[in-house]
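> model this:
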Amino acid sequence: MLLRVVSTSRSLLRGPTTLSPRRRGFNRRPLLASIAPSTLPGVIRIVALLGNPGSDYRQTRHNISWIFGDYCGWGEGDWRTRWGAKSRDVIIAGRSVHLVKPQNFMNRIGESLARYYRYYKMAESELLVVHDDVEIPFGEVRMKQGGGLAGHNGLRSLSDRVGSREFRRLRIGIGRPSRGSISSYVLGQFSLSEASRFPDIFDAARTLLESAITAGA
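Next up, the predicted model:
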């Protein structure tokens, strides 16, 4: 089922949605929101940003969730380090949420996130993971709960460690390469043209994130 949305009002975007942000320099077009019935309401307690540590990976496609976090201003402030991750409390949509940035490489991210998951005795729907997704065109963001892992090593590591795939996901599309390997592509850097679209993409991603948080408040 598709809903045509003519505003990014948070009240219109409650629940699982897909947003295609407006490109600068193009005519304004309505945004599309698709409803994913597998997503269930619930309070989000932890938002995890998936990426690889180290300066070599800072601006790569695989680290788009960390770039998104910096855009939202979450990189500033005091971070605590434990269980192989950095964490701090942030205010999103008027609610305090625990933000976690695992410092393991992508294929071992589940090791640290599983510790948080068990320590806080969380339900799957209380964890939201922000990550890159090659199955979604660059410029689109989508929200869902559960489902397949789309070959993402970070999601696979998390699923293996917590024994479930039913955590929520804010998926930021990076598209597929026209040629070459997926691994080389996700570890490659964004072009200047792609980076110029970050503000629109990240504004749409933040709207979806805030909607998910307020829906479960």
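
> how about the top helix by length along the chain: buried residues?
Using DSSP state H, we find that the single longest helix of the chain is helix 198-215. Judged by neighbour count using 16 or more other CB atoms under 10 Å, the buried positions of helix 198-215 are 198, 200-215. For the C-beta atoms, the positions are set from N, CA and C on the backbone; glycine is no exception.

> go on, stretch 148-168?
In stretch 148-168, residues buried by neighbour count (16+ other CB under 10 Å) are 152-159, 161-162, 165-168.

> Now name the helix or strand holding the residue nearest in space to the middle of the chain.
Geometric centre of the chain, nearest residue: residue 130, 1.8 Å, by CA atoms, centre = their mean. Assigned by DSSP states H and E, residue 130 belongs to strand 127-133.

> ok, now residue 90?
Under the criterion of DSSP H and E, residue 90 resides in strand 85-92.

> repeat for residue 114
Assigned by DSSP H and E, residue 114 belongs to helix 109-119.

> so who does residue 151 touch?
134, 182 (CB atoms under 8 Å, 6 or more residues apart in numbering).

> Look at it and give its secondary structure.
Under DSSP: H, G, I helix; E, B strand; the rest coil, residue 151 falls in the coil class.

> Could you check the pLDDT of it?
Looking at residue 151, its pLDDT stands at 71.

> Repeat that for residue 29.
The per-residue pLDDT reported for residue 29 equals 34.

> cool, residue 63 as well?
Confidence score, pLDDT, at residue 63: 93.

> part of a helix, is it?
Yes: checked against three-state DSSP, residue 63 lies within a helix.

> and the longest helix of the chain, what's its mean pLDDT?
93.

> can you give me the offset of that helix from its chain's centre?
In this view, helix 198-215 has its centroid 9 Å away from the chain centroid, taken as CA atoms, centre = their mean, to the nearest Å.

> ditto for stretch 187-202
15 Å.
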